[in-house]
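> just coords:
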């Protein structure tokens, strides 16, 4: 093979491996749904001749946005999925790839992998990489007299509820006009260079024209949590119904359901076995894993909260109610145990963020502690309702369960 042909072949192999690595990362941070990539590998392990075709189908869906079977695949753009080319793998190659996919790629800081992930993600996701946020936060005031902290937000997704959270930030210009956004000079320059070129070609005219905005502003959510010090969040689709507290500076992604309450009594009621059982019988189910969907209309809004402790009442109205006090005490203890398990004082140190207005940064005290924390998964949280936690209804039972709830 000539040198030019060998170089092109090497580039094709490298590009293909980059795609495989990205798929491993993407499904572990819930950008690809329901472990789609791993399930493809498991299927083709027995039928290796189908790998190239199935991988090509996946890459094609990731290039333009589409469906694989009944599951929606988001649009990934920026060069990594510029075509649907896939190389053939034999059974041993697939087994090796499957072993790699079984690792926890969500723990990888995307910035470590350089421009592979930064260029591969859709702009709405790309701004989560956070490689520049500390530098931007400490810059002098902009020409409008405002700090960059106005448009930089820590973010949280469903994966953060079930493990130690990842340290991710997003750019959020809110509803500011392009001229107003441009006054945040360094952040806007990054957006022009990294987000605008991809958004400009978006098939949705509104998104292309308003390239510096998120598809949804979240204005109602921001207004609801603005008076609070913290808010509750739970995953829209999750095997385990977990509620967690987040500082009001966080911008949750669209796969979370936010409850604009900051009182421990509300946290305790929603974390109770009574609420969990109600949601399992009133909810819909999603995907191959048959995971419950926390649809507010059928789960939260229909739940019979204790009289006098309903969410339409300010927490101050029942602060001295003995029931609320007892529930709040139990909820505080639950949260203390979670924090002690996820962030034990002998393994972490808390450091103020580089500017005020954000929660402290939680860092491992050393490399040994970091290794321990990386393996620490709050499995006991998922077992908190055992014994007595009801099994999820089968498809046959589900209609009867919903009708009798």
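Okay, I see it. Note that this is a predicted model, so its numbers are computed, not measured.
> distance of the spatially most central residue of the chain relative to residue 352?
For the chain, the residue nearest the mean C-alpha position is residue 157 (2.5 Å; CA atoms, centre = their mean). Distance of residue 157 to residue 352, given as CB to CB, to the nearest Å: 24 Å. In short, each C-beta sits where N, CA and C put it, glycine included.
> residues making contact with the helix or strand encompassing residue 374?
In the assignment (DSSP states H and E), residue 374 maps to helix 367-375. For helix 367-375, the surrounding residues in contact (CB atoms under 8 Å, 6 or more residues apart in numbering) are 104, 107, 164, 346-348, 364.
> and the residue lying closest to the residue nearest to the centre of the chain once chain neighbours are set aside, its phi and psi?
Leaving aside its sequence neighbours, residue 157 sits nearest to residue 253 (CB to CB, 6 or more residues apart in numbering; 4.6 Å). Per-residue torsions, residue 253: phi -80, psi 180 (degrees, to the nearest 10).
> report the contact partners of residue 253.
Contacts of residue 253 (CB under 8 Å, 6+ apart): 155-158.
> how near is it to residue 232?
Taking CB to CB, one finds residue 253 at 15 Å from residue 232.
> now residue 55
Distance from residue 55 to residue 232, by CB to CB: 40 Å.
> so the two - more neighbours on which side?
Each of residue 55 and residue 232 has its neighbours counted (other CB atoms under 10 Å); residue 55 has more, 25 against 21.
> list the contacts of the more buried one.
40, 86.
> what's the spacing between it and residue 22?
Noted for residue 55: a distance of 12 Å to residue 22, by CB to CB.
> for residue 166, same thing?
For residue 166, the distance to residue 22 - CB to CB - is 16 Å.
> more crowded one of those two?
Counted by other CB under 10 Å, residue 166 and residue 22 do not tie: residue 22 has more neighbours, with 24 against 19.
> C-terminal to the helix or strand containing the more buried one, what's the next element?
For residue 22, the element it lies in under DSSP H and E is helix 3-28. Where DSSP H and E defines the elements, the next helix or strand beyond helix 3-28 is helix 36-46.
> next one: that following helix to chain centre, how far?
From the chain centre to the centre of helix 36-46 is a distance of 23 Å (CA atoms, centre = their mean, to the nearest Å).
> next structured bit after that helix?
With DSSP H and E, the next secondary element past helix 36-46 is helix 51-64.
> buried ones in that following helix?
51, 54-55, 57-63 (16 or more other CB atoms under 10 Å).
> orientation of that helix relative to helix 36-46 in degrees?
Per axes from the mean of the first three to the mean of the last three CA atoms, to 10 degrees, the angle that helix 51-64 makes with helix 36-46 is 160 degrees.
> give me the mean pLDDT for helix 51-64.
What helix 51-64 shows for mean pLDDT is 91.
> next SSE after it?
As assigned by DSSP H and E, the chain's next helix or strand after helix 51-64 is strand 66-68.
> sheet partners, orientation included, of the helix or strand that comes right after that next one?
Once the chain leaves strand 66-68, the next helix or strand it forms, by DSSP H and E, is strand 71-73. Strand 71-73 pairs in its sheet with strand 66-68 (antiparallel), by DSSP bridges.
> from residue 53, how far off is residue 75?
Taking CB to CB, one finds residue 75 at 21 Å from residue 53.
> count of neighbours near residue 32?
25.
> could I get the pLDDT score of the nearest residue to it once chain neighbours are set aside?
The spatial neighbour of residue 32 that comes closest, neighbours along the chain excluded (CB to CB, 6+ apart), is residue 26 at 4.5 Å. Looking at residue 26, its pLDDT stands at 83.
> circling back: closest to residue 298 out of the buried residues of helix 51-64?
Using CB to CB, residue 61 is the member of these that lies nearest residue 298, at 30.0 Å.
> so who does that closest one touch?
67-68, 73.
> mind checking which of the residues you listed are buried?
With neighbours counted by 16+ other CB under 10 Å, the contacts of residue 61 contain buried members at 68, 73.
> how about a markdown table for the contacts of residue 61, with distance to residue 258 and pLDDT added?
A markdown table is the format used below for the contacts of residue 61 (distance: CB to CB, whole Å; pLDDT from 0 to 100):
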| residue | distance to residue 258 | pLDDT |
| --- | --- | --- |
| 67 | 28 | 84 |
| 68 | 29 | 86 |
| 73 | 26 | 85 |
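> in the protein, which helix or strand is least confident?
Between all helices and strands in the chain, the lowest mean by mean pLDDT, DSSP states H and E belongs to helix 395-404, at a mean of 29.
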